[in-house]
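**Q** attaching a predicted model along with its sequence, questions to come.
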Amino acid sequence: MTEQRAARLGLVGALVVMAAQLSVGAAWSLTHDDLSELALTTRCLEREKGLVVEQTTDDPVASSAGGGTLRTTVEGGLVTLSVATSEAEVERLRAAYAVGGDPGARLDVHGRYVALWLREPSPTQRQVTYDCAY
Amino acid sequence: MLFAEAVLLVWNAWHYDWLRGYDAFANARYAEIVSTEYRLPSEAESGVWHTPPLWFALAGALGRATTTIGWGHAQRPGQLLAAAAGLATCALVFFLARTLWPERRVLHLVALILTAASPALVRASAMYHPETLAVALATGGVLVAARALRTRWTPGSAAAAGALLGLASLTRAWALPVLVAVVVAVGLDALGRRSWTPVAVVSGVAVLLLAPWLVNEQVAHGSALAFNRPPPAGSVFERRPASFYVGPHTLRAIEHPITPLARNELVPHLYADWWGDWALTWDSPPPPAPGALLPSAVVSERARQMLVGVVPSLLALAGLLALGLLAKARRSTALAILPLSAAFVVAAYVVFAVRYPSTDGDTIKGTYLLMTLPAAMVGAAFVVDVLRPRRGAWATATAAALAVLVAVQLPFLVL
């Protein structure tokens, strides 16, 4: 076997493997609607963190978030998570929460996720919400 | 090229917050205990007690020396040790390519450049972590073995190969598959030459160095290859969902290659972490985010890395396959070491990742497969060198493509 033939066969094999992997990804994308960030977060909190996720019912600020909102309890701490659709909306939500008084460390912004905790969260409580932020 | 790489790795080691590296605090505790109390840490004292002690002893001793003279930063010497090992790996890959194809300077240079510009190596070289030292020692062992297989074995070369591979395995367990690959290649060579002395010396020296550690693990923790947590109960085939094997979010991971997307999907998760920084431990704002937004540039920079990595990854895989075919056709055990070691490391890693599933994906990291880097990059360089047209314009195009590969990555690679 010449080096050229080995290299060509190797390249063909690598292309087949890469094409197969990309085909799986493409087939999945075509046959599955991309879940929203809120749906992904809900699934993560429920399946990977074992938490119970509820709808947010009494928080008009969270309910106004373009990406939706959910509520759950992490290590005994109640948190309302809102998903903003833009950085501008993050700032709007942050400002809206501050209208009734500065929430301080109870308000935690991570990417496009705005979390309002009932009480100041511990690092491990915050980390749970970060782990499920998409 | 090596000077530029040295500057890059030292700069990064100097500027990287050591606490952001993998298992940083557990590594520091291990190094402190082994270098001050001259014993191994217990399971309660360090989460990485299952890692062999060589790097921790060196990093700990260097840290003590620098604090004694008043430098005050006990971890920086360990980071610089990792950087030196990363640089040594680059040089050893160059010499490995030169040993296998002495006349082909383009191949040597391409192998060096691809290795030096590998994000997984650059990132690991800045961390307070043993991975790069293990890779450098194992690559040294492979180099000695490949050279001896191409020429002839001497007692010295066999002992050196065994010692380097034994020390590599005494640094990270990922060197064990490389040791096995070398022993298999040397064994196949011995079949033809009807001389078993090199096999006996290589494996004997390696086992001599490694045996105390393995025996200690077996006695103290019930398994010579113990990990920091027991595997879950139940069949090994049910421990990972189908998504782990097929990676359905491959396309999405290319445009958004950061945690938690594609978490625990083996190929996209590994690819995103090898070429980028899936877990956000490199140059992004340190987690937890201090009430700030994750800059959009963090995601776009990593998405660019995903595209940059496509061609080198394709070439690396093609190269490993090509070298395997060529080694079989020519019955060349020197060539066979590379695809064998890569295949054994990947197989061992997949078994590990399936055996120890984790919800947060901490058993899927690019650095876990760093041991495959020398074989993969030499293979990629082989394909480039064999398939490139020999006319002058194409030589310029090859050089330009390599320059672009490096230049495009520099904003990510330089801290």
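**A** Sure thing, it's come through. Predicted, not measured: the structure shown is a model, and the values here were computed from it. Numbers count the residues shown, from 1 in each chain, chains lettered A, B, ... in the order given.
**Q** going by C-alpha atoms from here, please, whenever you check contacts or count neighbours.
**A** OK.
**Q** and residue 31, how many neighbours does it have?
**A** You didn't pick a chain, so chain A it is. 8 (other CA atoms under 10 Å in any protein chain shown).
**Q** ah, I was thinking of chain B
**A** Using other CA under 10 Å, the number of residues around B:Ala31 comes to 31.
**Q** and chain A, which of its residues are near chain B?
**A** Contact residues (CA under 8 Å from any CA of the partner chain) of chain A with chain B: A:1-4, A:6-15, A:18, A:21-22, A:24-26, A:28-29, A:48, A:87, A:108-112, A:123, A:126-127, A:130-134.
**Q** one more time with 6 Å
**A** Proximity of chain A to chain B (CA under 6 Å from any CA of the partner chain) is limited to residues A:4, A:6-7, A:10-11, A:14, A:24-25, A:28, A:108-111.
**Q** and those, which are buried?
**A** The neighbour-count criterion (16 or more other CA atoms under 10 Å in any protein chain shown) marks A:4, A:6-7, A:10-11, A:14, A:24-25, A:28, A:108-111 among the residues of chain A next to chain B as buried.
**Q** part of a strand, is A:Ala115?
**A** Yes: looking at A:Ala115 with DSSP: H, G, I helix; E, B strand; the rest coil, it is inside a strand.
**Q** you'd agree it is up against A:Val83?
**A** No: using CA atoms under 6 Å, A:Ala115 is not in contact with A:Val83, being 8.8 Å away.
**Q** re the thing from before, and the furthest pair within the buried ones among the residues of chain A next to chain B?
**A** For those, the maximum inter-member distance is 58.0 Å, found between A:Gln4 and A:Asp108 (CA to CA).
**Q** residue 63: how many residues sit nearby?
**A** By default, I'm working from chain A. A:Ser63: 18 neighbours (other CA under 10 Å).
**Q** wait, chain B was what I had in mind.
**A** Neighbours of B:Gly63 (other CA under 10 Å): 23.
**Q** measure the spatially most central residue of chain B to B:Trp174 for me?
**A** Per CA atoms, centre = their mean, the C-alpha nearest to the average position across chain B is that of B:Leu370, at 1.8 Å. Counting by CA to CA, to the nearest Å, the separation of B:Leu370 from B:Trp174 is 9 Å.
**Q** likewise for A:Val52?
**A** For A:Val52 relative to B:Trp174 (CA to CA), the value is 39 Å.
**Q** just B:Arg263 next, same as before
**A** According to CA to CA, B:Arg263 stands 22 Å off from B:Trp174.
**Q** ditto for B:Leu373
**A** As for B:Leu373, its distance to B:Trp174 is 12 Å (criterion: CA to CA).
**Q** which residue packs closest to A:Leu78, ignoring adjacent ones?
**A** A:Leu118 (5.5 Å; CA to CA, 6 or more residues apart in numbering or on different chains).
**Q** residues near that neighbour, how many?
**A** For A:Leu118, using other CA under 10 Å, the count is 14.
**Q** also A:Ser86?
**A** Neighbour count of A:Ser86, defined by other CA under 10 Å: 14.
**Q** quick check on the residue lying closest to it once chain neighbours are set aside: phi, psi?
**A** Nearest in space to A:Ser86, with sequence neighbours left out and distances taken as CA to CA, 6+ apart, is A:Arg112 at 6.9 Å. With angles defined as degrees, to the nearest 10, A:Arg112 sits at phi -100, psi 10.
**Q** now the longest helix along chain A, how far from the chain's geometric center?
**A** Counting by DSSP state H, the longest helix found in chain A is helix A:3-31. Relative to the centre of its chain, helix A:3-31 is centred 30 Å away, using CA atoms, centre = their mean, to the nearest Å.
**Q** mind checking what helix or strand follows it in sequence?
**A** Where DSSP states H and E defines the elements, the next helix or strand beyond helix A:3-31 is helix A:37-43.
**Q** export that following helix as PDB, just CAs?
**A** Provided in PDB are the C-alpha atoms of helix A:37-43 (Å, rounded to 0.1, in the frame of the first residue of the first chain):
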ATOM      1  CA  GLU A  37     -34.500  27.900  26.900                       C
ATOM      2  CA  LEU A  38     -37.300  27.800  29.500                       C
ATOM      3  CA  ALA A  39     -38.200  24.200  28.500                       C
ATOM      4  CA  LEU A  40     -34.600  23.100  28.600                       C
ATOM      5  CA  THR A  41     -34.100  24.700  32.000                       C
ATOM      6  CA  THR A  42     -37.300  23.100  33.200                       C
ATOM      7  CA  ARG A  43     -36.200  19.700  32.000                       C
END
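**Q** list of residues touching that helix?
**A** Defining contact as CA atoms under 6 Å, 6 or more residues apart in numbering or on different chains, one finds that helix A:37-43 is touched by A:132, A:134.
**Q** next, count neighbours for the nearest residue to A:Leu45 once chain neighbours are set aside.
**A** Take A:Leu45 and drop its neighbours on the chain: the residue closest to it by CA to CA, 6+ apart is A:Leu51, 5.6 Å away. Around A:Leu51 sit 16 other residues, with neighbours defined as other CA under 10 Å.
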